[in-house]
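Trainee: I would like to see how this sequence folds:
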Amino acid sequence: MCFVSTILFRVIGLSFIDFAMIRTLHVISVPKSYNTLCLMVSDVGARYGSTTAGMKQFQIYRYDPEKPNSKPYLQTYNVDLLNCGPMILDALIKIKNEQDATLTFRRSCREGICGSCAMNINGENTLACICKIDTNLNKPAKIYPLPHMYVIKDLVPDMNLFYQQYRSIDPWLKRKEKYVYGEKQLFQTPEERSRLDGLYECILCACCSTSCPSYWWNQDKYLGPAILLQAYRWMIDSRDHFCKERLEKIHDAFSAFRCHTILNCTKACPKGLDPAKAIAKIKMLLTGLSSKPDPVAESSKANA
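Mentor: This next block holds a predicted model:
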C-alpha cells in the first residue's frame, strides 16, 4: 500500500491526497504491472480531477448587519476537494481559515450531536457536519441559513423565538409529590422506557420547524414540529405527573392543531426522527382518542 501511495503521489502530482476522496479505489495488494496501476490512478483522476481540476464552487449567503444599506447576496468561493474533508462543514471551515475570515456560521461537535451547524444546503435543511459534499464539480453547492428566521449574520439565524417556545413547554420532569432530584431513582419498565425512543434523541437543531410552511406563517402561535415533539416526550414519560396540565396549555387552535401533516418535518430531520407522528399522538391525546398509560414501575414499587 505504501508503494501504491508513492506512485499515486508521483503520477497525479499531489502534495496531499485525501484518502476519503478515493475510498472507492479498493487496493488490496500491489498490482502485477505498472500499467495496471496507472489505469487505476487514471480512474481516480477521472472521478475527482487533479489539484487544478478538482475545484468546486460554493455559493454562500452573505449578510452583514453592520452594513444596513447593503442587501444580502451570494458570494462564490472555490475549494479544492482533494485538499478538503468530505463534509460541507469541512469546506466552510476551510473557506473561513484560508479565504475569508469574515464568513460567519455556527459549529461545535462536528458529529451530528449538538445541532449548531443547521443550515439550508442545496435546498434542504440539514447539518453541515454530516452533509457530504457533492463531488460533481459542474454543480455549485448553494448554502443558506435556515429559512424564515431572522438572520443575525451570514449563516447564523436568530434562535431566540425557538428557544422561548422550548422554554414554554417546561421541558423537565414535573412531579406532584415533593421530590429532591438525585435522592432516589424513578423506575420505569422497559416498555415505559421504550416510549421515549424516537423522542429524546432530538437535538433542537430546528431543521424540522424551519422546513414547515405552517411554522413559517404562524411562528407567533404555532409551536412547530421540534417543540411539539419535545412536548410529547415529557407528556408520555411515565415518571411525569403533569400530562393533563401540559395538554391544557396547548389546547387551542394554533399551538398543535396548526399542523396540517405536510410531513416536511419528518423528511428534514437529520436524526431520522418523526415529529409528524409525535404531533399526531398529541392531537389524539387532546381529542380524547387516546390517553396516557398508567405508570407500572412506580405503582409496583409503591406496593412492594
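
Trainee: which stretches of the stretch 51-200 of the chain have low pLDDT?
Mentor: When residues are selected by pLDDT under 70, those of the stretch 51-200 of the chain lie in 51-53.

Trainee: which residues in it form strands?
Mentor: For the stretch 51-200 of the chain, applying DSSP state E, counting those that start in this stretch gives strands covering 55-62, 73-80, 118-121, 124-127, 141-144, 151-153, 156-157.

Trainee: and the fifth one, what does it pack onto?
Mentor: Contacts defined by 3 or more Cβ pairs under 8 Å, 6 or more residues apart in numbering; DSSP states H and E place strand 141-144 against strand 55-62, helix 88-98, strand 118-121. Just so you know, the C-beta spots here come from the backbone N, C-alpha and C atoms, and that holds for glycine as well.

Trainee: Tell me which of those is the most buried.
Mentor: Neighbour counts (mean count of other Cβ atoms under 10 Å) averaged over each of the helices and strands packed on strand 141-144 peak at strand 118-121, with a mean of 25.

Trainee: Contacts for that one next, please.
Mentor: 88, 105, 125-128, 131, 141-147, 155, 205-207, 270 (Cβ atoms under 8 Å, 6 or more residues apart in numbering).

Trainee: can you rerun that using 10 Å?
Mentor: Applying Cβ atoms under 10 Å, 6 or more residues apart in numbering, the contact partners of strand 118-121 are 60-61, 88-89, 92, 105-107, 125-129, 131, 133-134, 141-147, 154-157, 159, 203-208, 210-211, 268, 270.

Trainee: That strand pairs with which strands?
Mentor: strand 124-127 (antiparallel), strand 141-144 (antiparallel) (DSSP bridges).

Trainee: Out of these, which one sits most buried?
Mentor: Scoring the strands paired with strand 118-121 by mean count of other Cβ under 10 Å, the most buried comes out as strand 124-127, with a mean of 22.

Trainee: for it, the distance to its chain's centre please.
Mentor: Chain-centre distance of strand 124-127: 6 Å, with Cα atoms, centre = their mean, to the nearest Å.

Trainee: What of stretch 232-252?
Mentor: On Cα atoms, centre = their mean, the centre of stretch 232-252 falls 26 Å from the chain's centre.

Trainee: That one - what's its average pLDDT?
Mentor: For stretch 232-252, mean pLDDT rounds to 97.

Trainee: export that stretch as CSV, just CAs?
Mentor: The C-alpha trace of stretch 232-252 is given here as CSV (Å, rounded to 0.1, in the frame of the first residue of the first chain):
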residue,chain,number,x,y,z
TYR,A,232,-44.8,14.9,23.7
ARG,A,233,-41.6,13.4,25.1
TRP,A,234,-42.5,14.8,28.5
MET,A,235,-46.2,14.1,28.2
ILE,A,236,-45.7,10.4,27.6
ASP,A,237,-42.9,9.9,30.2
SER,A,238,-44.3,7.6,32.9
ARG,A,239,-42.4,9.5,35.5
ASP,A,240,-44.1,12.8,34.8
HIS,A,241,-47.3,13.7,36.6
PHE,A,242,-48.4,16.7,34.6
CYS,A,243,-49.6,15.3,31.3
LYS,A,244,-53.1,16.8,31.7
GLU,A,245,-51.7,20.2,32.5
ARG,A,246,-49.3,20.1,29.6
LEU,A,247,-52.1,19.2,27.3
GLU,A,248,-54.3,22.0,28.6
LYS,A,249,-51.5,24.5,28.0
ILE,A,250,-51.5,23.8,24.2
HIS,A,251,-55.3,23.1,23.8
ASP,A,252,-56.1,25.9,21.3
